[in-house]
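Participant: here is my input; please provide its structure:
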Amino acid sequence: MLADKPYTLDSVVRMVLGALLIVGLIWMLGYLSGVLVPFVVALLLAYLLNPLTSRVERVVRSRWLAVVVTVTLLAGTVTGLVWVMAPLIGAEFSHMGRVLADLAGNADLARRVREYLPDEVWVWLRALADDQNVRALFTSNGAMEAARKVVATILPGVRGVLSGTASFLAGLLGLGVILLYVVFLLMDFGRIRERWPEYLPQQYRARAIDFMGEFEQTMSLYFRGQVIIALLVGALLSVGFMIIGLPMAVILGMFIGILNIAPYLGTLGLLPAVLLAGLDSLEAGQPPWIGILLVLAVFVVVQAIQEIILIPKIQGENLGLSPWLILLSLSIWGKLLGFLGLLIALPMTCLCLSYYRRLLAERDAPIKAPPGTTPGTTINTPTD
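Facilitator: Numbering: from 1, shown residues only. Reported below is the predicted structural model:
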């Protein structure tokens, strides 16, 4: 970055120590990931909920009351969604189990499916339908077991919410810890934002404030907006798939929506949706193209809503991160830190991008002219 400055022993030692510090921090984050995941989840929730809390605070004139209202709305929304969606998801799993059973035991359905599939795809699908573990998964109990495994992987501290009595209480305790994190973080959000520069040496405050302002702008531009857009797209796709009667509509819709955090990655979720639509149409005695065209129509409509309405209203014209950079950051941080890395991938990428832009700005900024030159003369730093 600073090619005009010669390397010295001191600078090389500093670079080596800095690299070792970064490696040590990554190792420590990986070692503490089980403890940090609930805190990071709460921190991201608090960051997403802070604008709503600030708006409520302007109405009720009390930060404590605003936090209570916001957290109550969050808890009520999550509880309502679980209450409504759990039976639907269980029914979708059972429906899919019946489709696989028919595919394995109904010779007429198997013949009709084979007519439209290449031999390799048919062999794979038939093996999948004959697998007892797969068929056991697509039952009500199988759905509960799958949910338990997902929770155990994502939030080890709350895995007990789907287990026995003692584990259930332990799981509620884990959820309570996350909720307490959210409450305390929302309470201190404004105070931290105002007072954090006081903990820095005076000579670094101006640069740190400018850097954090750019970081906040990048985060607001991409992270918060893209998460909201992904959730809305998932909800719209779920509703659309339910309208056309697609099996596992809610799960596929939300899965594609979550993939949509990285723009255009959600198109990968079309493959299982198209496959299920074709199977469902064949099971109903219809050509597979009917179900496939309905799925594509839902996807096109939701994509149009996303591009025409959601992105301009929520993000504006400029995106903070390119799709390739998002995929790269998710891959690298996920490989380094597992699920914790996936949670912090986008914020850390925004942080690194803001820091890199700051370095470029400082490198290309004009510097003061040396004594003896004409007043007002500036000298630009080298660009090569």
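Participant: give the residue spans of the stretch 251-384 of the chain that score low on pLDDT.
Facilitator: Applying pLDDT under 70 to the stretch 251-384 of the chain flags residues 262-264, 315-322, 364-384.
Participant: just the strands in it please.
Facilitator: Along the stretch 251-384 of the chain, the stretches classed as strands by DSSP state E, counting those that start in this stretch are 366-368, 378-380.
Participant: quick check: G90 vs I251, distance?
Facilitator: Note on G90: its distance to I251, by CB to CB, to the nearest Å, is 11 Å. From N, CA and C alone the C-beta is placed, and that goes for glycine too.
Participant: these two: who's more crowded?
Facilitator: More crowded of G90 and I251, by other CB atoms under 10 Å: I251, with 20 against 17.
Participant: ok, that one touching I89?
Facilitator: Yes. Counting by CB atoms under 8 Å, I89 is a contact partner of I251 at 6.2 Å.
Participant: and the biggest helix by length in the chain, what does it pack onto?
Facilitator: Secondary structure of the chain read by DSSP state H shows that its longest helix is helix 63-105. Counting contacts by 3 or more CB pairs under 8 Å, 6 or more residues apart in numbering; DSSP states H and E, helix 63-105 packs against helix 33-60, helix 107-115, helix 119-130, helix 132-137, helix 140-154, helix 165-195, helix 249-259, helix 270-283.
Participant: apart from its neighbours in sequence, what residue is nearest V298?
Facilitator: G240 (3.6 Å; CB to CB, 6 or more residues apart in numbering).
Participant: what helix or strand does the one you found sit in?
Facilitator: Assessed by DSSP states H and E, G240 sits inside helix 225-243.
Participant: mind listing what's buried along that helix?
Facilitator: By neighbour count on 16 or more other CB atoms under 10 Å, the buried set for helix 225-243 is 225-227, 229-238, 240-241.
Participant: and the contacts of it?
Facilitator: 48, 249-250, 252-258, 260-261, 263, 266, 273, 295, 298-299, 301-302, 305-306, 310-311, 314-315, 346 (CB atoms under 8 Å, 6 or more residues apart in numbering).
Participant: and that helix, how far from the chain's centre?
Facilitator: Relative to the mean C-alpha coordinate of its chain, helix 225-243 is positioned 13 Å out (CA atoms, centre = their mean, to the nearest Å).
Participant: for stretch 271-280, same thing?
Facilitator: Centroid separation for stretch 271-280 versus its chain: 25 Å, with CA atoms, centre = their mean.
Participant: in it, what's buried?
Facilitator: Buried-residue list, stretch 271-280, by 16+ other CB under 10 Å: 273-280.
Participant: for stretch 345-365, same thing?
Facilitator: Going by neighbour count (16+ other CB under 10 Å), the buried part of stretch 345-365 is 345-347, 349-351, 353-354.
Participant: pull the CA atoms of that stretch into PDB?
Facilitator: Backbone C-alpha positions of stretch 345-365 (Å, rounded to 0.1, in the frame of the first residue of the first chain) are rendered in PDB as follows:
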ATOM      1  CA  ALA A 345     -19.000 -13.400   7.300                       C
ATOM      2  CA  LEU A 346     -20.900 -10.400   5.900                       C
ATOM      3  CA  PRO A 347     -20.100  -8.000   8.800                       C
ATOM      4  CA  MET A 348     -16.400  -8.900   8.700                       C
ATOM      5  CA  THR A 349     -16.300  -8.500   5.000                       C
ATOM      6  CA  CYS A 350     -17.900  -5.100   5.300                       C
ATOM      7  CA  LEU A 351     -15.400  -4.200   7.900                       C
ATOM      8  CA  CYS A 352     -12.400  -5.300   5.800                       C
ATOM      9  CA  LEU A 353     -13.900  -3.500   2.700                       C
ATOM     10  CA  SER A 354     -14.300  -0.300   4.700                       C
ATOM     11  CA  TYR A 355     -10.800  -0.500   6.000                       C
ATOM     12  CA  TYR A 356      -9.400  -1.200   2.500                       C
ATOM     13  CA  ARG A 357     -11.300   1.800   1.100                       C
ATOM     14  CA  ARG A 358      -9.900   3.900   3.900                       C
ATOM     15  CA  LEU A 359      -6.300   2.800   3.100                       C
ATOM     16  CA  LEU A 360      -6.900   3.700  -0.600                       C
ATOM     17  CA  ALA A 361      -8.300   7.100   0.400                       C
ATOM     18  CA  GLU A 362      -5.300   7.900   2.600                       C
ATOM     19  CA  ARG A 363      -2.800   6.700   0.000                       C
ATOM     20  CA  ASP A 364      -4.300   8.800  -2.800                       C
ATOM     21  CA  ALA A 365      -5.100  11.900  -0.700                       C
END
